[in-house]
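[1] The sequence and its predicted three-dimensional model are supplied below.
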Amino acid sequence: KDHGSPASSAAPPKWTIGVSQCNLGEPWRVQMNQDIRSAAEGHPEIKVIYKDSQNDSLRQRSQIEEYASAGVDLIIVSPKEAAPLTAPIAAAYRQGIPVIVLDRRVLGTEYTCFIGADNVRIGKAAGHWALRKLGGSGKIVELEGLMTSTPGQDRHAGFREGIEGSGLEIVFEADMKWLEPDARREMESALSRFPRIDLVYAHNDPGAHGAFLAAQAAGREKDILFVGIDGLPHEGQVYVKRGILAASFEYPTGGREAVETALKILSGEAVPREITLSSRVYTPENVEAGGEWLRDN
Amino acid sequence: MTAAQQTAPRLSAPVLRMTGIKKSFSGVAVLIGVDWALRAGEVHILAGENGAGKTTLIKILAGVHSDFSGTITLSGKPVRFRGPQDAAGHGIAVIHQDIAVVPSMSVRDNIFLGREIVRGHRVCFRAERDRARAVLGRLGLDIDSSRLLEDFPVSVRQMVEIAKALVHDARIIVMDEPTSALNEVEASRLFKIVGDLRSQGRAIVFISHRLEEIYRVGQTITVLRDGRAVGTFPAAELPPDRLVELMVGRAVDRLFPPRTAKLGGLLLQAEGVSVPDPSGIKPWAVEGLDFRLRAGEILGLAGLRGGGASELVHGLFGSFGKRVRGRIRLAGEAYVPQSPGCAIRRGLALLTNDRKSSGLVPTMSVGRNISLASLGRFSPWGWIKTGREAAAAGRLIETLGIKAGAADEVVANLSGGNQQKVLLARWLETSPKVLLLDEPTSGIDIGAKNEIYRLLDIWTSEGKGVLLITSELPELLALSDRVMVLHRGRFIDEFDRGEATQERVIKAAMGMENQA
Amino acid sequence: MNLGISPKSRVSRLFRSPSFRALAALALVIAIGCVFNAEGTFFRWHTHRDMLRHISVFGILACGMTLVIITSGIDLAVGSVLGLSAVLFSLFSLQLGWPAWLAVPTCLTAGAACGLTSGGLIARFKIQPFIATLAMMVFARGLAKWVSGGRKISTAVQLADGSFEYREAPGVFRILGSKLFGGNIAVVTLIFLACALVCYVLLARLRLGRQLFAIGGNEEAARLSGVPVSAAKLLAYGLCGLLSAAAGICHAVQEQQGDPEAGAGYELTAIAIVVIGGTSMLGGKGGMGLTLNGAMAIGYLEKILSLNAVGEATRLMLTGLIIVGAVLFQKHRK
Amino acid sequence: MNLGISPKSRVSRLFRSPSFRALAALALVIAIGCVFNAEGTFFRWHTHRDMLRHISVFGILACGMTLVIITSGIDLAVGSVLGLSAVLFSLFSLQLGWPAWLAVPTCLTAGAACGLTSGGLIARFKIQPFIATLAMMVFARGLAKWVSGGRKISTAVQLADGSFEYREAPGVFRILGSKLFGGNIAVVTLIFLACALVCYVLLARLRLGRQLFAIGGNEEAARLSGVPVSAAKLLAYGLCGLLSAAAGICHAVQEQQGDPEAGAGYELTAIAIVVIGGTSMLGGKGGMGLTLNGAMAIGYLEKILSLNAVGEATRLMLTGLIIVGAVLFQKHRK
Ligand SMILES: Nc1ncnc2c1ncn2[C@@H]1O[C@H](COP(=O)(O)OP(=O)(O)OP(=O)(O)O)[C@@H](O)[C@H]1O
Ligand SMILES: Nc1ncnc2c1ncn2[C@@H]1O[C@H](COP(=O)(O)OP(=O)(O)OP(=O)(O)O)[C@@H](O)[C@H]1O
Ligand SMILES: [Mg+2]
Ligand SMILES: [Mg+2]
C-alpha cells in the first residue's frame, strides 16, 4: 500500500479518537486494542491514538486529561479503576467530548455509553456448565485471578453462585494472579494433595493452560476437565481446539462495538447508554463453528 | 633525642588504669591480662611488635570493643564504655591506626564528625569552619576545609584524623601510629603539639614503630608482647637496644644492615617524564623528569607532600593509563605505561602508600591477597592451581613472618603491620625487576623492618632495582644508594650516598637550591 | 605551598558538581520535550502541572528513599507501605468516618512503625537492608490485603443486605485531592515540595543528616568517631516509612479509594528517581536537590512519551535509551 | 605467640562459616515444611521434584546474578532478558521452524549481547550498575514486545485469513520440558544444576572468578594488582545475560509459548535468592553454594505455603516473617 500518496487517502481523517487502555501487559487487553484497530481500519474518516497507562489509575487519569486538553473528538477508555477515573471522565464529558467506557464501569452517569460484558454472569455460566458436565458431584480446583481486582472477585462470585447447592465441592483454591507460572505451581500443589480432581476452573485461559501442563506432567490430564475464561482466538480457542480445555468462556473485548458506537455518536446518531455484550462458550464440539452464545439462565 | 624528658611532672596519680585486660577474637586470645596505668602530663609509649595487641588495647579503651574482661578505672572510678561515643564523653580522644575518616565528606565535616557544633539540631557551619581552620593551621595544613577529603592523599587524611582528636577538649589523647603517613616536617609539627598538650596536663598515649620518635616524645614506655604487658619503664632508663629486645624477644644488632649489592647495568631510564595530577588541580603532578636506575640500585625519592613522588611511581606503573608523557626504557626496551597489568608483565611492582584504599582486598584471605597480582602464574589456561597458590603463599608468610591465624584468615583481621607485610608478599610473588615502593615499612615493627631491609639488600643483589619513597629520613638515607629530591613535581637536587644528610635533603625538599 | 585554586578551575568545578550535572540530564529531557511538543501541548502550563501532580507520589517516596540510600541502604518496602497506608486511610476516613486529625497521624504512625521495624532489623540485627526491607515489602502488602479483606476500600459501602451505598467523600479527601492558586498547582504537589524541603534541611543542615552521610561514606569510621550509627539508621528508615505513608495518603485521595495493590513496583521508580538524580547507590553522596531533579526528569520523560502517544514497545525502548542518554550526558559534560 | 587454632574453635568456625549458616536457614524452612506437611504431601518425592522444577528458572537467573553481585554490581535486566529470549526462542522454533541447534545459540547470543551492553555501560562509561541495568530492563522488555507484537508467541499460528492454526511443538520443546529418570527430575532442573555447577567452578576455581571477588572486595586494589577490571566486569554481565537467556528458553519450553511479559519482577526474586543464601550485596563475598541454598529455601517456602493453600494475605505476611526468621536463624547460631 502506498502510504500518504494523495490519490489513495482521499481526505484527511475527519475525527480523532483517543483510546486509553489501562494495561497492555495482559493479552486480553492487547486483543482489545487489536480489535479497535482492525475495526477502525475500514474507516479512513477516523484517526485513532492509543495510550497505555501501565496499570496505574493516576497515570490513566493524566491521559484522559491530556486527551481532553488536546481536544480529541471522542474518548474510548477502558478504566483501571472506577473511583479515581470517575472525575476526569466526567470532566471530559462535561467539556462536550463524548466518552465511551469499555469493560469496567465508572461511578455515576457522566459518560456517553458503557460497553461491557458481565463477569458474574460468565462465572455463573461456567458454574452451570460444570454442574451439567460433572453431573452434580465432583471435586473442583479454583485458580483465581488477582482477588483484589473486580474481575477476579466477580468470576469467583458468579461461579460460586452457579454451583450453589449442588454436590460440587471446591477442594483447593489459590490466587494465581492471572499468571501462568503461578497457576502451574498452585496446580502442582493441588495435584500432590488430592488424588481425585474432576475439574479445574481458572479465571483466565493461561491459568487453565498452566494447570493443564501441571496435570500433564503428573500424567493426570485425562482425568480432569479444564475450564478457562477469555476465549481469545489465538489462546483459549486454540486450547479448546487442541483438547486442552474442555471449555473456554468468551469475555468479549468490545473493541469492535466501541468503534461502531463511536462512529454512530460522531455522526450524530443516538446510542443506548449501556451496551451489554453477550459472550460465547467454546467447547471442542462447537469451536470450529464459532462457539455457542450463552443464554441467560 | 632525649630532650623532652626532664620537664615531666612526675608521679601524679594515674588518670587511667587498665587492669587484667583480656580479649579474644573468635576463640583466639589476643590480650592475656594487660595491666598498665597512665598519668596526666605524660606521653606514654605503647611499644610492641606487629600483632602484639596495641591497637586492640586502644580500641578497648576507645569503647570500640565492649566484650572484654578486666577493668578500666578512670580517675579512680571504674568505667565500662558502651561505645565510642561513651568513651568520647569521658574525655578520651583517639587517633585510629586505620585512619577513621569518611573520604566522601568534606574535611570540615570529618573533623567534627560525631561531635558537631550544633545549635539545637542545626549544625553551625561558620563556627565549624573557623575552628577547623584554626586546628588545621596548627598542624600546618593550608587547605580549603570545604573540599572533599577524597581529593587528598593519605597524608592529609592522617592529618585530618589528628585534627579530629585535637578539636575536642580531651583529657586523654590516644595516638595509634599517627605518623605512619607523615613526613619529617609534618611529624615534627605534631611532636610540638604533643609537647604543648602535655604541658597543659593532658595524658597522651602514643604508639609508634619509629624508635627515634619514641625517645623524642615519650617519658614512659610500656612494652607489650604476645598479649601481655612485659613492663613499664621510664624512657630514660630503657636504652633502645633493650627496648628492641623486649619487643622482639631477641637482639637486633644493626637496624640497617650494610649494603652489599653491586650495581649492574641500566635497568630503567626515563627522559622527560610528565605525570598528570589525579586530583586535577594542576595539569601535571610531575613535569619533565629525567632519571636512571641501575640494576641492584636503590634510588630514594624525597620530597614534601605534593612533591609528586607518589604520582611518579603511579605514572610509571600505568595507574593513570596512557596519559603519561616521556620516553622510558625498561631493561633496554622501550616501555610505555598503559595499565597496571601491562606493567606487572613487564616486571614492575608498585606497593602503594595507602594500603586500605588501594592495597588490600579486605574481603579476601591472606593467601588470596598475596597471590592476586601473580594469579596468571598460578592459573595456566585460567584454572587456578590452588595447591601451588597455597604453597607459595605459605612460603611468603613464613619468609616475611606474617602473623595470621592461617593462610585462609581474612586479611581484614590482621594487625596493621601484618597487613603491610601481606602487600609486600604480593609484590614479591610477581618476581619483579623493578620495585616501586611507596612507604614500604609504614606501620611495620623494628624486627620486621630489619628483615625487610635485609631482604631489600638480597633482592638488589639479585639484580632488581628499587625506587624507594619513604618519609622516614633515616631509613631513606641508610638504604638509598642515591637520593633524588623532587619539589612541586620537578627535579631539584640529587645526592649520592656519601653526601646525603637529613638537613640537605629537607632543605632541597622545601625548594631551597642546595649548594653549600 | 601554593595550591590555591584558580578562577578557571572554580568554573570547571561548578560544571563538574553533581547538582549541575543532574540539571544537565533534566535539561536534555526538557529539550526532547520542546522538540516533540505534541502540537504545542508541551508548552502549556497544565501539562507541567499534571506532570508535577503525577510525579508527586513518586517524589515523596523518593525523598524517603534518598535518606536511606545515602546511608548506603535501600528500602524496597516503600511501595507496600504506600499501599498499606492508602488502605488504612481510606478505611478510617471513608468507612469508619474518623476525622482527618485522627486518621492522618494514625496512618503516618503506622508507616513509621513499618520503617522502624525494617530499620531495627538492619541496625540492631545487622540484616542486609535488601533482605530486611524485602521482607517488610512482602509483609506490608499482606497486611494491606488482610486489613482491606482483599478489596478496594472506596466510598461504596456495602450495606447489610449486600447492596452498595455511595457516600460522599469527606472533606480531607476533597481538599488534599484538589488544586490551588486558581487550579494551577495540585495540593499533592505542594505536599511533595514540603517533604522535599524538610528532607533538604535535614540532610544539609541538621546533625542527623551529616550522620547519615558519614554512615554511608564509611560506616566503621562513623562508628569510631562516635556517631550513633544504629539510632541514625533507625531514624532514616523510620522517616522513610513515614514519608511512604504520606505518599499513601496522597495516593488514596487522588484515587478516591484505598487499593491494597497500590504502589506495587513503585519502589523501583523511587530508586530510579534518586539514582538518576545523581545520588550514588553506594551511599555517602547525593542530596535532595538531586532527587528533585531526578523526579522532574522522570516525570517529564513519562509525560513526553505519553503526550506523543508513543506505542507501548517503542515507549519502553525509548525510555531505556533516554535514561542512558541522560546519565551519559551528565557524565560527559566538560 | 600462640595463634594455633584449637579443635573447639575449628568446630565453631565451621558453624560460623557462611555455607553452614545458609544451610541453617534452609533447615528452618524444611522444618516448617515437616510440621505443616499438608497431610503428608510434603514427604512425597514429587513435591520436591515440582519445587525444584518451579525454582529452576529463578535459580538460573540467580546463578548469573551471583556473578554480578559478587563484583558489587546488580543486574535488574534479568527478568526482561528472560522475556526477550522466551519470545525469540518461540518465534524461531515455533513460528519460523528453525532447528534447535540454530535457535538456542541465537537466543543465548542475544541474551549475552544484552548483558554485554549493560556491562559496557558500567565498565566503560562508569554508569552505576543500577541505572545501566534498569535502562536495559526497560529496553529489553520493549524489544520483546516489539518483536512479538505484544502477543504471546505460541504454537497457534495466524493464517492469512486471520484464523489460527495449531502446529505441533518441535522436539526441543518436548525434550526440554520433560522429565528424566522415570519422571523423577525435570530437565530444566538439570539445566539449572548444570548452570550452578559451571558458575561454581568459575567462582571457585577459575581466574576470572577470583578476579570478580577481588573487584567486589576493592576495585581499586584489584586494578592496581593487574586485574583487567573492565574486561572481567564485561564478562560477568555478559554471562549473566547469557544465563538469563537460558532461563528464558527454559521458561518458554515449560509454558509452550513465548510471553513478552514473562519474567516481570523475577529480578527481585533472583536477587532475594542470592542474598538470602548469604552473599553480600556489598560484593566480594559469597558463592554459588550459598545461592543454591537460597534457591532451595525460597522454593520450599513457596511450596509449603502453596501446599497448605494459605490465603494470599496470610501467605504474604508469613513469607515476610519466615524470611526474617531464616536470616536471623543464620546469624544467631552459635
Ligand atoms: N577483628 C579481629 N578479628 C580477629 N582477629 C583480630 C581482629 N583484630 C585484631 N585481630 C588480631 O589480634 C592481634 C593483635 O592485633 P592488633 O591490631 O592489636 O596489633 P597491633 O599491636 O596493633 O599491631 P600493629 O603494630 O601491626 O598495628 C593480631 O594477631 C590480629 O590478627
Ligand atoms: N596541602 C594540600 N592542599 C591541597 N592539595 C593538596 C595538598 N597536599 C596534597 N594535595 C593534592 O594531592 C595530590 C597528591 O599529593 P601527593 O600524594 O602528591 O604527593 P607525594 O609526592 O606523594 O607526597 P608524599 O611524600 O606525602 O606521599 C597533590 O598533587 C595535590 O594536588
Ligand atoms: Mg596496631
Ligand atoms: Mg605520597
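    Noted; the coordinates are in hand. Ligands and ions are numbered 1, 2, ... in the order given.
[2] residue contacts, the spatially most central residue of chain A?
    Closest residue to the average C-alpha location of chain A: A:Tyr251 at 4.5 Å, with CA atoms, centre = their mean. Going by CB atoms under 8 Å, 6 or more residues apart in numbering or on different chains, A:Tyr251 touches A:Trp28, A:Ala117, A:Asn119, A:Ile122, A:Ile229, A:Asp230, A:Gly231, A:Ser279. For every residue, glycine as well, the C-beta is placed using N, CA and C.
[3] Select from those residues the one having the most neighbours.
    A:Ile229 (30 neighbours; other CB atoms under 10 Å in any protein chain shown).
[4] Surely that residue is within a helix?
    No. Counting by DSSP: H, G, I helix; E, B strand; the rest coil, one finds A:Ile229 to be strand, located in no helix.
[5] quick revisit: per-residue pLDDT, the residue nearest to the centre of chain A?
    Predicted confidence (pLDDT) for A:Tyr251: 93.
[6] give me phi/psi at it?
    Per-residue torsions, A:Tyr251: phi -110, psi 100 (degrees, to the nearest 10).
[7] cool, and A:Ile100?
    Here is the backbone geometry of A:Ile100 (degrees, to the nearest 10): phi -100, psi 120.
[8] who does the closest residue to the residue nearest to the centre of chain A other than its chain neighbours bridge with?
    Nearest non-adjacent residue to A:Tyr251, counting by CB to CB, 6 or more residues apart in numbering or on different chains: A:Asp230, 5.1 Å away. According to DSSP bridges, the partner residues bridging A:Asp230 are A:Glu250.
[9] For A:Asp230, give me its contacts.
    By CB under 8 Å, 6+ apart, the neighbours of A:Asp230 are A:Pro27, A:Trp28, A:Asn204, A:Asp205, A:Gly236, A:Ser248, A:Phe249, A:Glu250, A:Tyr251.
[10] Hmm, the fourth one is touching A:Val238, no?
    Yep, that's A:Asp205 we're talking about. No. At 9.3 Å, A:Asp205 does not count as touching A:Val238 under the criterion of CB atoms under 8 Å.
[11] So the two - more neighbours on which side?
    A:Asp205 (30 against 24).
[12] Going by residue numbers, what spans are helices in the stretch 51-200 of chain B?
    B:54-61, B:84-89, B:107-111, B:125-138, B:154-167, B:184-199 (DSSP state H, counting those that start in this stretch).
[13] who wins for proximity to ligand 3 among those helices?
    Nearest of those to ligand 3, taken as CB to the ion: helix B:54-61 at 3.1 Å.
[14] Can I get the closest one in PDB, CA atoms only?
    The C-alpha coordinates for helix B:54-61 follow below in PDB (Å, rounded to 0.1, in the frame of the first residue of the first chain):
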ATOM      1  CA  LYS B  54      48.400  -2.500  71.000                       C
ATOM      2  CA  THR B  55      45.600  -1.500  68.700                       C
ATOM      3  CA  THR B  56      43.300  -3.900  70.400                       C
ATOM      4  CA  LEU B  57      44.100  -2.400  73.800                       C
ATOM      5  CA  ILE B  58      43.400   1.000  72.400                       C
ATOM      6  CA  LYS B  59      40.200   0.000  70.900                       C
ATOM      7  CA  ILE B  60      39.000  -1.300  74.200                       C
ATOM      8  CA  LEU B  61      39.900   2.000  75.800                       C
END
